[in-house]
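Q: sequence unavailable; structure follows:
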C-alpha cells in the first residue's frame, strides 16, 4: 500500500521554539523510505522564516503558503486526490482548514494532535486550531497521548477512530557520541510557565546546592528576569543537527512535562525519545503512564524533589549510569523508531479505510468556495 499523503502542519522547516518539527521530519522521512509520497504544507510566518534549519529534503516535498485562501487555490487538487490528509495541531486557521478538507478530501482525513493534553484541556474554552464539533468529521484522530486517552476521544467527542501515535527519534541523527560529558545535568526545552516551577525544583535548586558541578538549560523564549545560578549555562537554541552532541555532553538529562500532560498522563515528549536514542540517561518528573514507555529505575530515573536529583548526581556509580542509558536506547530501537511510527500510521489508515461506509465518500454536494472559508482574526 503506497500512499499519497498531504500533511498540513505547524512547521517542519524550523525547530525554533517548536517541538513539532523533529517529530514531523522523523515520521515523514520514514514514510518516504517506505515508498509513500508526502507533501508538507506550512504557513510562511516571520518567526519560523528567520530560524529555518531544515535541509531541503530529497525524498519528500515542502510547500509554503501565505494565507488561508492558498489552501484551496494552490493545493485543492492535491488535497482532494490524496489517499491521506493529516492536519496537525496548532495550525493557523486550523478550524477553517479542517472544515474545507473534511468536506472535499476523497481520501482518509486525520487530525494529528501532537498536543493532545493541551487540546483536550482547551476544547471547552475554544481553540484556534480545533473545535469539538470537528472531531467526528475526521476519519481518524492520531493522539500524542496513549493509554485510555484515544478511547476517551471516541466516547466523549465522537471520533469514529482514535489511535495513539507517539513521537519517535530519528536513530540516524540521534545516536551516542563518544565525548566526555561537560555538564552534570542538562535540560532542552522551550520556556513554558507551567514547566518552570519543575525546572526550578529539579535543576536550579540542585545547581545551587552543587556549586562544583556544571549545568545547562537550552531553549528559546525564557524571560530575562529569571535568575540563573552562576554554574548554569544558558543556550538560546540548539538546532536539531546538534542535539546528539548536546545530549552526549550531559551526564544526565532532565525530562520535564507540562501540567496538562502530567494530569492526563501517557504523553511522552519527543525529547524523551531523542535523549534516550542518544544514550544519555534520563532523569524525569513523574506522570501516569511513563512506565509504559520506559521501565523506572532500569531505563529511566524518576524524581519528585531536589534531594532525589542531588542523590543521583552525587552517588550513582558510572557503570550503573551507563547501563541505564544503554537499556533505554535498546528500548527505543525495539519500539520507538520512526519506522515503527510509519508502520503504525499505515495500520491506522487501513483501519480507518475499512471502517468507512461505502456510501460515505466524504465529499460535499457542492464545492466550498474560498470566500466561505472562515478566517481567524
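A: Yep, that arrived. From a predicted model like this one, the values you see are computed outputs, not experimental measurements. Numbers count the residues shown, from 1 in each chain.
Q: hey, where'd the strands end up in the chain?
A: Listed in chain order, the strands found in the chain under DSSP state E are 4-9, 37-43, 61-65, 84-88, 108-113, 140-143, 162-164, 183-188, 215-218, 232-235, 250-255, 282-284, 301-302.
Q: so which elements touch the shortest one?
A: Translated: strand 301-302. strand 282-284 (3 or more Cβ pairs under 8 Å, 6 or more residues apart in numbering; DSSP states H and E). Heads up, the C-betas are built off the backbone N, CA and C, glycines and all.
Q: neighbouring strands for the strand it packs on, and are they parallel or not?
A: Paired strands of strand 282-284, with direction, are strand 250-255 (parallel), strand 301-302 (parallel) (DSSP bridges).
Q: among the strands of the chain, which is nearest residue 153?
A: Residue 153 lies closest, by Cβ to Cβ, to one member of those: strand 162-164, at 4.0 Å.
Q: and the closest one, what does it pack against?
A: strand 140-143, helix 149-157, helix 338-355.
Q: okay, these, which one's buried deepest?
A: strand 140-143 (a mean of 26; mean count of other Cβ atoms under 10 Å).
Q: contacts for that strand, please.
A: 86, 108-113, 116, 135, 149-150, 153-154, 159-165, 345, 348-349, 352 (Cβ atoms under 8 Å, 6 or more residues apart in numbering).
Q: go with 7 Å
A: 108, 110-113, 116, 135, 149-150, 153, 159, 161-165, 348, 352 (Cβ atoms under 7 Å, 6 or more residues apart in numbering).
Q: so for the residue nearest to residue 68 when sequence neighbours are not counted, what's the pLDDT?
A: Among residues not flanking residue 68 along the chain, residue 93 sits closest, at 4.6 Å (Cβ to Cβ, 6 or more residues apart in numbering). With respect to pLDDT, residue 93 scores 97.
Q: how many neighbours does residue 93 have?
A: Other residues lying near residue 93 total 20 when counted by other Cβ atoms under 10 Å.
Q: for residue 12, see how far away it is.
A: Separation of residue 93 from residue 12 (Cβ to Cβ, to the nearest Å) stands at 18 Å.
Q: if we can go back for a sec, select, out of the strands paired with strand 282-284, the one closest to residue 356.
A: Ranking the strands paired with strand 282-284 by proximity to residue 356 (Cβ to Cβ) places strand 250-255 first, at 38.5 Å.
Q: next one: phi and psi at residue 128?
A: Note on residue 128: its backbone torsions stand at phi -80, psi -20 [degrees, to the nearest 10].
Q: number of nearby residues for it?
A: For residue 128, using other Cβ under 10 Å, the count is 15.
Q: and what of the one 4 residues further on?
A: As a burial measure, residue 132 scores 14 neighbours (other Cβ under 10 Å).
Q: wait, doesn't it sit right on residue 157?
A: Yes. Using Cβ atoms under 7 Å, residue 132 is in contact with residue 157, at 5.7 Å.
Q: buried set for stretch 173-183?
A: Buried residues in stretch 173-183, defined by neighbour count with 16 or more other Cβ atoms under 10 Å: 173-174, 181, 183.
Q: which among the helices and strands packed on strand 162-164 is found nearest to residue 53?
A: Residue 53 sits nearest to helix 338-355 of all the helices and strands packed on strand 162-164, at 18.2 Å, using Cβ to Cβ.
Q: who touches the closest one?
A: Residues outside helix 338-355 that contact it (Cβ under 7 Å, 6+ apart) are 1, 3, 26-27, 29-31, 34, 84, 108, 139-140, 142, 160-161, 163, 165, 168, 170.
Q: can you check stretch 321-333 too?
A: So stretch 321-333 is in contact with 169, 171, 251, 273, 276-277, 279-282, 294, 298-301, going by Cβ under 7 Å, 6+ apart.
Q: thinking residue 41 is in contact with residue 8, fair?
A: Yes. Applying Cβ under 7 Å as the test, residue 41 and residue 8 come out as touching, 4.7 Å apart.
Q: enumerate every residue touching the residue nearest to residue 220 when sequence neighbours are not counted.
A: Distances taken as Cβ to Cβ, 6+ apart put residue 17 closest to residue 220, at 4.3 Å, once the chain neighbours are dropped. By Cβ under 7 Å, 6+ apart, the contact set of residue 17 is 190, 220-221.
Q: point out where the chain drops to low pLDDT.
A: 357-377 (pLDDT under 70).
Q: what about 50?
A: 363-368, 370-371, 375-377 (pLDDT under 50).
Q: how is it carved up into domains?
A: 4-168+338-372, 183-335 (automatic domain parsing).
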